[in-house]
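A.B. asks: Model the following, please.
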Amino acid sequence: MAYDVYGVGNALVDIQAKVADKTLDDLGYAKGVMTLVNEAAQANVLSALNSAAVTRCAGGSAANTIVGVADFGGQAAYAGKVASDELGEFWLRDMRNLGVKIEVPQTTGQSGTSVILITDDAQRTMLTNLGVSSQLGPDDIQESEIAKSKFVYVEGYLFTGESTKAAAYKAIDLAKKNNVKVAFTVSDPFLINLFRDEFRQLITGPVDLLFCNLEEARSLTGLEEPVDCAQALHLMAADVALTLGGDGSLLLHDKQLIPIEPAATKAIDTTGAGDMYAAGVLYGLTNGLSWKQSGHLASHAAARVVSQLGARLANKFTPAQMAELLN
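C.D. replies: Presented below is the predicted three-dimensional model:
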């Protein structure tokens with residue numbers, strides 16, 4: 001089977017719950033950011049959610065994007081590491097039921113989790129325990145799978161560990177060797193503070209398509225205005241997708257700036273907005289859509305996902321809705 005996108009990233013079970021600001025204050029975590037926590041801290045967080053309605057699904061940033069590609073009707077594969085525990089079995093079953101191909105062997109230990117605390121202002125605070133997802137390594141990356149893909153999609157979160165970083169570089173190297181395009185998301189502003197020079201080298205080197213939001217673009221470029229940031233990034237990467245929240249997004253391709261209008265929505269949970277946007281663009285570019293059409297699909301998909309709880313589309317686009325969007 002040929003793939004539209006081969007994703008590489010953390011394999012985490014997303015555990016989502018709506019909470020009051022007081023719960024967040026009591027736990028002592030900064031609102032709206034991702035914090036890495038150990039197993040004991042994660043257990044403490046979960047115990048604080050006893051009275052909250054909790055949902056779970058297979059997740060991870062790049063995994064959310066791959067799920068989106070599959071939901072649109074694309075063909076996708078994923079490299080992520082889980083344990084031979086109940087959470088790991090759940091993650092694999094959930095992904096494979098969507099048609100995503102996964103060949104990475106399970107290991108011993110505890111599968112990773114990301115507890116996503118959603119407050120009334122639609123902010124999501126992520127507390128992530130990587131578990132064995134941090135053991136993903138270069139041996140888990142298969143050249144034969146990459147060679148039959150149109151894009152390899154790599155998440156910036158992988159750069160926080162030596163093993164996962166080596167897996168990311170191997171995937172990128174094999175993609176270039178096999179004439180497969182490389183898409184990269186910087187994932188989170190805090191990562192740029194840690195890896196700014198390394199990310200800039202990637203973006204100016206093997207990366208073909210860069211995904212980032214405005215805060216990340218400002219950190220990467222040192223500029224303020226969205227168009228200035230986008231154009232500076234376009235001097236580094238062949239193609240750029242810059243999301244602007246409620247102001248839409250900017251695509252840059254072949255020295256052309258393509259503004260994408262925002263889709264009207266009422267946000268209740270911003271979890272996965274950027275991941276879903278990337279899914280729309282990647283699905284479009286690998287399935288014959290123009291850059292404008294791909295951005296239009298991505299914008300509406302991201303708007304739909306923030307109007308619900310969770311990083312997946314609760315209501316998938318019907319063929320008729322897809323056709324209407326792309327006219």
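A.B. asks: Could you list the low-confidence segments of the stretch 151-300 of the chain?
C.D. replies: 268-271 (pLDDT under 70).
A.B. asks: For it, which segments count as helices?
C.D. replies: For the stretch 151-300 of the chain, applying DSSP state H, counting those that start in this stretch gives helices covering 162-177, 189-204, 214-221, 226-234, 273-286, 291-306.
A.B. asks: Let me have these in TSV, extended by mean neighbour count.
C.D. replies: Using the backbone N, CA and C atoms, a C-beta is placed for each residue, glycine as well. Formatted as TSV, these follow (neighbours: other CB atoms under 10 Å):
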stretch	mean neighbour count
helix 162-177	20
helix 189-204	16
helix 214-221	20
helix 226-234	19
helix 273-286	27
helix 291-306	23
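A.B. asks: Take those helices and lay them out in CSV including distance to Glu39.
C.D. replies: Putting the helices of the stretch 151-300 of the chain into CSV (distance: least, CB to CB, whole Å) gives the following:
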stretch, distance to Glu39
helix 162-177, 18
helix 189-204, 21
helix 214-221, 29
helix 226-234, 38
helix 273-286, 25
helix 291-306, 29
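A.B. asks: so which of those gets nearest Glu143?
C.D. replies: Checking the helices of the stretch 151-300 of the chain against Glu143 by CB to CB gives helix 162-177 as the closest, at 4.9 Å.
A.B. asks: And the closest one, what does it pack against?
C.D. replies: strand 3-8, helix 143-147, strand 149-155, strand 181-185 (3 or more CB pairs under 8 Å, 6 or more residues apart in numbering; DSSP states H and E).
A.B. asks: which one of the ones you listed is the most hemmed in?
C.D. replies: strand 3-8 (a mean of 28; mean count of other CB atoms under 10 Å).
A.B. asks: sorry, back to before: possible to save the helices and strands packed on helix 162-177 as TSV with distance to Ala17?
C.D. replies: What follows is the helices and strands packed on helix 162-177, written out as TSV (distance: least, CB to CB, whole Å):
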stretch	distance to Ala17
strand 3-8	26
helix 143-147	35
strand 149-155	23
strand 181-185	25
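A.B. asks: between these, which gets nearest to Asn287?
C.D. replies: strand 3-8 (6.7 Å).
A.B. asks: Show the pLDDT at the most centrally placed residue in the chain.
C.D. replies: Nearest to the mean C-alpha position of the chain, by CA atoms, centre = their mean, lies Ser61 at 3.2 Å. On the pLDDT scale, Ser61 is placed at 92.
A.B. asks: contacting residues around it?
C.D. replies: 9-10, 155, 157, 185, 187, 275 (CB atoms under 8 Å, 6 or more residues apart in numbering).
A.B. asks: Also Ala53?
C.D. replies: By CB under 8 Å, 6+ apart, the contact list for Ala53 reads 17-18.
A.B. asks: do the same with Ser134
C.D. replies: If you count contacts by CB under 8 Å, 6+ apart, then Ser134 has 10, 81, 112, 161, 163-164 around it.
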